[in-house]
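Enquirer: After the sequence you'll find the predicted model.
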Amino acid sequence: MSIKAEPAVASPPAASTPGTGTYASQLIAAWRVISRNRLALLGGFVILVGVFTAIFAPLLATHDPYEIDIVNRLRGPGPGHWLGTDVLGRDTFSRLVYGARTAFQVAIGAVALGAIAGIPLGAIAGFYGRRVDAIVMRFMDSVLAFPGQLLAIALVAALGGGLISLYIAIGVSSIPQYARIVRGVVLSQKEREYVEAARMVGESNLRVLFGEILPNCVAPIIVTLSFDFAHAILIESSLSFLGLGFPPPTASWGLMLKEISPFLELQPLSALFPGLTIAIMILGFNLFGDGLRDLFDPRHYEI
């Protein structure tokens, strides 16, 4: 499953209020747009809860997520264990809390890798065009020829498990997305008047590209980042479920599903909670990404 974004390119203008054009008025206009989208606010709240949980996992966990208690294995939700226990008697709630740290750790690294590699490639391809554009985009097309999850599985199998391998496996599959988006913006901006003015004053091509044109790509990049986080969390969970992600006993949502799958008849709730957590977190990023897309769409602002 891949998550693709089609963000708007233009940046939001300031609202037509007294003091328009100021930074404060732009923030007010942006807040009015985002506040009208209740689902985007809900998505932002889910993300904040996830980030808070990942940062303060040691304080929020009620038990040691790696402590084995065979006597209390496969227990249902109760006073001692809020969400029950898994096949080894480990507390499900505590492993979900630490699983948030694992998910965000992988997502941040993978998204950063995809953006750092894809943005310059797309910018250079769009700015220089012709042969450079053809070479870069044909390489991007060759990466896109492989489904994202299949490419990630192949890379993890070749590189072995571990955090760095997950960064590379997930990040590489998102490079073409950033490259194509940035290339499109650069193609639409490089013939504008401000670019010609920068060239007339003697600025170098790299200065024009990265100092003048690339800042206009910020809006679609931010929207893409939000969707890419959801994609990274989904791929990491899928790889862990297949046994290609983190090795046991790492607290990972996908690994929790894998470990409990042979015992679903005995304790189905142990699979419900990690699966529901993955779904809610991905939904949160998608809803927030839709809100950001509205935020950067000039049609949602009053002129």
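Expert: Perfect, I can see it now.

Enquirer: Provide a list of residues in contact with I34.
Expert: Taking Cβ atoms under 8 Å, 6 or more residues apart in numbering, we find I34 in contact with 40-41, 291, 294-295. All C-beta spots, glycine's among them, are computed from the backbone N, C-alpha and C.

Enquirer: again with G254
Expert: The contact partners of G254, by Cβ under 8 Å, 6+ apart, come to 236-241, 245, 274, 278.

Enquirer: now, which of the residues you listed sits nearest W82?
Expert: When the contacts of G254 are ranked by distance to W82 (Cβ to Cβ), P274 comes first, at 14.0 Å.

Enquirer: Now do that closest one against G126, distance only.
Expert: 41 Å (Cβ to Cβ, to the nearest Å).

Enquirer: With F273 instead?
Expert: Plainly put, F273 is 45 Å away from G126 if you go by Cβ to Cβ.

Enquirer: What of D294?
Expert: 25 Å.

Enquirer: who's more crowded, the two?
Expert: Between D294 and G126, counted using other Cβ atoms under 10 Å, the more crowded position is G126 (26 against 18).

Enquirer: Pretty sure D86 sits against S261.
Expert: No - using Cβ atoms under 8 Å, D86 is not in contact with S261, being 11.2 Å away.

Enquirer: These two: which is more packed in?
Expert: Ranked by neighbour count (other Cβ under 10 Å), D86 and S261 place D86 first, with 25 against 12.

Enquirer: Please report phi then psi for that one.
Expert: Reported as degrees, to the nearest 10, the phi and psi values for D86 are phi -100, psi -160.

Enquirer: Check D91 too.
Expert: Dihedral angles (degrees, to the nearest 10) for D91: phi -70, psi 120.

Enquirer: So what pairs up with it in the strands?
Expert: T85 (DSSP bridges).

Enquirer: residues touching L264, list them.
Expert: A271.

Enquirer: Could I get the pLDDT score of it?
Expert: If you check L264, the pLDDT there is 80.

Enquirer: cool, I47 as well?
Expert: At I47, the model reports a pLDDT of 95.

Enquirer: Near it, how many residues? Count them for me, please.
Expert: Look at I47: counted by other Cβ under 10 Å, it has 19 neighbours.

Enquirer: Surely it and F285 touch.
Expert: Yes - I47 lies in contact with F285 (Cβ under 8 Å); the separation is 6.4 Å.

Enquirer: Please enumerate the helices of the stretch 151-300 of the chain.
Expert: 163-189, 193-200, 205-207, 218-241, 253-260, 269-295 (DSSP state H, counting those that start in this stretch).

Enquirer: got CSV for these, with mean pLDDT and distance to G148 too?
Expert: Output for those, formatted as CSV (pLDDT from 0 to 100; distance: least, Cβ to Cβ, whole Å):
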stretch, mean pLDDT, distance to G148
helix 163-189, 90, 4
helix 193-200, 83, 34
helix 205-207, 83, 31
helix 218-241, 90, 7
helix 253-260, 90, 15
helix 269-295, 89, 14
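
Enquirer: Out of the ones you listed, the one nearest V71 is which?
Expert: That would be helix 269-295 among the helices of the stretch 151-300 of the chain, by Cβ to Cβ, at 16.3 Å.

Enquirer: what would the contacts of G254 look like in JSON lines with neighbour count and distance to D141?
Expert: Listed next are the contacts of G254 as JSON lines, based on neighbours: other Cβ atoms under 10 Å; distance: Cβ to Cβ, whole Å:
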{"residue": "E236", "neighbour count": "28", "distance to D141": "25"}
{"residue": "S237", "neighbour count": "28", "distance to D141": "28"}
{"residue": "S238", "neighbour count": "19", "distance to D141": "24"}
{"residue": "L239", "neighbour count": "27", "distance to D141": "24"}
{"residue": "S240", "neighbour count": "28", "distance to D141": "29"}
{"residue": "F241", "neighbour count": "21", "distance to D141": "29"}
{"residue": "G245", "neighbour count": "27", "distance to D141": "28"}
{"residue": "P274", "neighbour count": "27", "distance to D141": "36"}
{"residue": "I278", "neighbour count": "23", "distance to D141": "30"}
